[in-house]
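Chemist: My questions concern the predicted model and sequence given below.
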Amino acid sequence: MRSIAHSFKDNAKAALADPQLRRALDNIKTGFITKRAAAAARLPEFEALRDAARDIKNHTLDHLDLYLERYAENVQAGGGHVHWCATAEDARAAVLEICRRAGAKTVTKGKSMISEEIALNDYLEANGITPVETDLGEYIIQLRHEPPSHIIAPAVHLTKDAIEADFRKAHPQFPKDRPLSEPRHLVDEARQVLRSRFLAADVGITGANFLIAETGSSVIVTNEGNGDLTQVIPKVHIVVASLEKVIPNLYDLSTILRVLARSATGQEFTTYTTVSSGPKRPEDPDGPEEYHVILLDNGRSRMLGGEFREVLRCIRCGACMNHCPVYHAIGGHAYGWVYPGPIGAVLTPGLLGVEEAGALPNASTFCGRCESVCPMRIPLPKLMRHWREREFERHLTPAPVRYGLAAWAFLARRPALYHWLLGLEMRVLGALGRRKGRFAWLPFAGGWTRHRDFPAPQGRTFQSLWAERKTGGAP
Amino acid sequence: MSGRDAILGAVRRSLKRAAGDAAALAAVEARLDTRERGPVPARAQIDAKARVDLFQAMAEEHSATLTRVAVAQDVPGAVATYLKKHNLPQRLRAAPDPEIDALPWDTQSLLTVERGRAEASDETSLTGAFAGIAETGTLMLLSGEAAPTTLNFLPDTHIVMIKASQVVGPYEDAWDLVRAKHGPGELPRTVNFITGPSRTADIEQTIQLGAHGPRRLHIVLVEDGPGEESEDGTGDGA
Amino acid sequence: MPQDSPLESAYAPARVGLFVTCLVDAMRPSVGFAAVKLLEDAGCAVEVPRAQTCCGQPAYNSGDRADSQALARQTIEAFEGFDYVVAPSGSCAAMIREHYPALLAEDPAWSARAQHVAARTYELTSFLTDVRGVSALAARFEGTVTYHDGCSGLRELGVREQPRQLLASVRGLTLNEMRDSDVCCGFGGTFCVKFSDISNTMVSDKIDGIAKSGARTLLAGDLGCLLNMAGKLKRTGVPVEARHVAEVLAEMTDDPAIGEAAKD
Ligand code: SF4
């Protein structure tokens, strides 16, 4: 998808002014958070599992080349094909070629963030192939021609009324007066519509939550079962996955799965976890005849080499955005590209460049709630700060900020001058603000006083009063 | 240069390592071979009887239903009763599994049983399972000649029969059984972990069952005497 | 020098350097004096090095490493002679304790000095309870309060029970927890100015929780958060006054609350 991350501030403003969005966002503020906390509290080993999960990924990333080689060998040994793709363009072309060879008209799709990252749907459509998203949330946003606003709950920005309106428009085959106001009705209708799509699809495309080097397998985790219907019915199954999805073995998978669902939705375990290792075997009564893996780099190998390596541990659970107060305020679309929330604030500049997405890592208070829940213990605030450092080094920080900072730092590095000047300034401000105790407006403080009053200082600095106390004056 | 070599080259440049680094390779080999487990929840390391109870409790917590029967011969009756109770047609698509074939279906004269992969029109399927995992009430199903994967997803109702002796504690134990059956590093085409029926929370975070997969998951558990495996009743978890 | 285990030295006299914080210094010196009283009551000899200004967070969080490193060195130099460094702020204490060592890790001349100071630096309430073993205070405060957990103190330093434990000992005081006391108030230093609309939504949420707690006084351990929340309380006319927790713990609440008019 095309990025609008550069206009983050405007996107955020629009989001803040959208009452429908505010209502929808209220749903995630409590649900995900209390459920995750309860699931974590119920498993005494949870924190130890987080450490273990982090260590697994660190080890894998340290040996990524070797694990990728082993993984690919094992896929091939099982009769599958691996397509190594350096860029989004390579990946799109590889998918199209497979679809063409299969004579595909429609493809069903399981939810895949990588597919969003490479903008696969638009590309297939432009080439005469109809992609059908089958995850309910993805299906809804596909109807609306919108990108997902959350990595595990793509339609979280919508209320059921909005979805009802979309379904009435998109499904004219059903009676006009049918009941459709409850989630149950909407789910049943989508199930009915998509059932025929599953059966008619020529190719099924899924993402992968993990790739297993030991066995050459891809793993998907879903609650709906749509990913399974996507991959078991058509004659061709394509997996799109990025390099960092690989982990060593099935025990490692077990460890990470224990933290994934709990962190994501607060479930003990996701309904369906499916480990796929290639095409249909001669004795199998069903399954795809071809199994392809699009193994995508698209910037990962570069990130592996620098200070952002840790972000490659991400398992896309969404906990960081579920707990992010900035995400709660503006939702996912404001982030302007595929990955919203804290993970997006770190990943997007890495994939699209800090010129495009520099605002994202700035739009954080560093409150640290994301890091405190990240199952993979990714230090998201630290990584956001690294992006700010990159920006600053490259003089991308806005000029008023730079100059203000420089003037402030000049003073702060000269304590005597600093104390003298601050003493003067606070006397003035203190005297001016004494009667009301606050300012509704102050020069150069518009960003503050637009929304809140500025409390007046007490009038003297601590340092000046302390000096008096030391010399015998009363504080 | 192929895409593969270009990508692996870029990865190695970032790792500041040449291809064929012996120490790195040894670390990877050791890791792939390791039988060392990560932290395994204490809740899953329990004796055989407790495992079956936990399996049931967790499966039910995830909206599956479960009936226990004393012997495999009772399965057809339990299935017929379940169908009746839910007003479902007395018709099944069963996995072409010798164990299912061997059950006394003729005791249920109203019940029609067809074998094979799922068709779109099938309302109810019956399959076996490879293992039950007590930790989270999860079923593990392996694809194969006797186990078409479509049966697990297409029908509205999925009935699974499993023996108490197949219930293990943690996921790792289930993987060990797969390894014992298929050999190290080898898997059947598909391994399905199933925990309760299909669900979605994509509309306003309210949980709805039966999104695309089965609306109902029913487990018929044959109590084939988990105590058999160990006289003192501590099972093989000890 | 302090003992290896902080608690062993609980009742031994200690020389404490007070890191006032630039906000307390400029805006609300009474918090500094409250901190001094609490520390002295806990048997500490308190000094306030004049060579301190700001811990450097504004520069650090803006990606300006050079200036942050310069300020880190300045602060380390000013404080390395003390047994302990105490700040009436979770975020400044976290800056010194958690971030200085990282910031100067590659500087051979300063890395060890940064670690030395970091290991001795505490947020005020955590120092009183965890290091000095204070579990009760003689203070009195008539009223219902609610407590906001500043993010850095909470998540970087683990300050959560300490202020509550001390508040529980204050006679006449009732603590009504607000919902989501651990959620950011939207201050975030320059964030609240750079992204003032987002910050406004966050602080509005916060104010709503505060109002619904039923408390008449909002307490917190960070003046930055307090200025933000007090400014919003005032702007929206919510009748809750805001104070730094040290003022209540030291029973020094004669000064007008944050943003209140002076009593003439
Ligand atoms: S960064 Fe952590 S919390 Fe966020 S999606 Fe990735 S793994 Fe989950």
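Modeler: Great, that's in hand.
Chemist: Next up, the contacts around residue C:17.
Modeler: Residues counted as contacts of residue C:17 (C-beta atoms under 8 Å, 6 or more residues apart in numbering or on different chains) are C:47-49, C:78-79, C:81-82, C:84-86. In this view, the C-beta of every residue, glycine as well, is placed from N, C-alpha and C.
Chemist: at contact distance from chain A, anything in the helix or strand residue B:140 falls within?
Modeler: Residue B:140 is part of strand B:138-142, with elements assigned from DSSP states H and E. Yes - Strand B:138-142 reaches chain A (C-beta under 8 Å from any C-beta of the partner chain) through residue B:138.
Chemist: List the buried residues of the biggest helix by length in chain A.
Modeler: When chain A is parsed with DSSP state H, its longest helix is helix A:19-42. For helix A:19-42, burial by neighbour count (16 or more other C-beta atoms under 10 Å in any protein chain shown) applies to A:21-22, A:24-25, A:27-29, A:31-33, A:35-36, A:39-40.
Chemist: what does stretch C:198-208 give?
Modeler: By neighbour count with 16+ other C-beta under 10 Å, stretch C:198-208 contains the buried residues C:198-207.
Chemist: what's the answer for stretch A:287-297, then?
Modeler: By 16+ other C-beta under 10 Å, the buried positions in stretch A:287-297 come out as A:287-288, A:290-297.
Chemist: about what we covered before: now tabulate the buried residues of stretch C:198-208 in CSV and tack on secondary structure, pLDDT and distance to residue B:20.
Modeler: As requested, these are arranged in CSV below (DSSP: H, G, I helix; E, B strand; the rest coil; pLDDT from 0 to 100; distance: C-beta to C-beta, whole Å):
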residue, secondary structure, pLDDT, distance to residue B:20
C:198, helix, 97, 51
C:199, helix, 97, 53
C:200, helix, 96, 58
C:201, helix, 96, 55
C:202, helix, 97, 53
C:203, helix, 97, 57
C:204, helix, 97, 60
C:205, helix, 96, 56
C:206, helix, 97, 57
C:207, helix, 97, 62
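Chemist: Identify the intersection of those residues with the contact set of chain A.
Modeler: Applying C-beta under 8 Å from any C-beta to those, one finds that C:198-203, C:205 fall near chain A.
Chemist: center of the chain, which residue is that?
Modeler: You didn't pick a chain, so chain A it is. residue A:339 (3.7 Å; C-alpha atoms, centre = their mean).
Chemist: To clarify, I was referring to chain B.
Modeler: Note on chain B: the residue nearest the mean C-alpha position is residue B:140, at 1.5 Å, using C-alpha atoms, centre = their mean.
Chemist: Now do the contacts for that residue.
Modeler: B:129-133, B:174, B:178, B:191-194.
Chemist: circling back: identify the residue nearest the residue nearest to the centre of chain A in space, chain neighbours excluded?
Modeler: Spatial nearest neighbour of residue A:339, chain neighbours left out: residue A:347 (5.0 Å); criterion: C-beta to C-beta, 6 or more residues apart in numbering or on different chains.
Chemist: Report how many residues lie close to the one you found.
Modeler: Using other C-beta atoms under 10 Å in any protein chain shown, residue A:347 has 26 other residues around it.
Chemist: about what we covered before: continuing past the strand holding residue B:140, what's the next helix or strand?
Modeler: Heading C-terminal from strand B:138-142 (DSSP H and E), you reach strand B:157-163.
Chemist: Identify the neighbouring strands of that following strand in the sheet and state each direction.
Modeler: Using DSSP bridges, strand B:157-163 pairs in its sheet with strand B:124-127 (parallel), strand B:216-222 (parallel).
Chemist: Pick the most deeply packed of these.
Modeler: Using mean count of other C-beta atoms under 10 Å in any protein chain shown, the stretch among these with the largest mean neighbour count is strand B:124-127, at a mean of 24.
Chemist: can you give me the offset of it from its chain's centre?
Modeler: Distance, stretch centre to chain centre, for strand B:124-127: 14 Å (C-alpha atoms, centre = their mean, to the nearest Å).
Chemist: re the thing from before, how about the longest helix of chain A, does it reach the ligand?
Modeler: No - remark: helix A:19-42 sits outside contact range of the ligand, by C-beta under 6 Å from any ligand atom, the gap being at least 10.1 Å.
Chemist: Look up the closest residue to residue A:355, ignoring the ones flanking it.
Modeler: residue A:396 (6.7 Å).
Chemist: which residues does the spatially closest residue to residue A:224 that is not a sequence neighbour contact?
Modeler: Spatial nearest neighbour of residue A:224, chain neighbours left out: residue B:211 (3.6 Å); criterion: C-beta to C-beta, 6+ apart. Neighbour list for residue B:211: A:136, A:187, A:190-191, A:223-226, B:198-200, B:202 [criterion: C-beta under 8 Å, 6+ apart].
Chemist: now residue B:211: how far from residue A:225?
Modeler: Distance of residue B:211 to residue A:225, computed by C-beta to C-beta, to the nearest Å: 7 Å.
Chemist: can you list residues touching both of those two?
Modeler: residue B:198.
Chemist: related to what we said a few turns ago, report the buried residues of the strand holding residue B:140.
Modeler: In strand B:138-142, counting by 16+ other C-beta under 10 Å, buried: B:138-142.
Chemist: May I have the phi/psi pair for the residue nearest to residue A:355?
Modeler: Main-chain torsions, residue A:396, degrees, to the nearest 10: phi -90, psi -10.
Chemist: Which positions within stretch A:438-449 qualify as buried?
Modeler: In stretch A:438-449, counting by 16+ other C-beta under 10 Å, buried: A:438-439, A:442, A:447-449.
Chemist: actually stretch A:448-460, not the one I typed
Modeler: For stretch A:448-460, using 16+ other C-beta under 10 Å, the buried residues are A:448-449, A:451-460.
Chemist: thinking again about what came up before, show only the entries of the buried residues of stretch A:287-297 found in strands.
Modeler: Those of these mapping onto strands are A:290-296, per DSSP state E.
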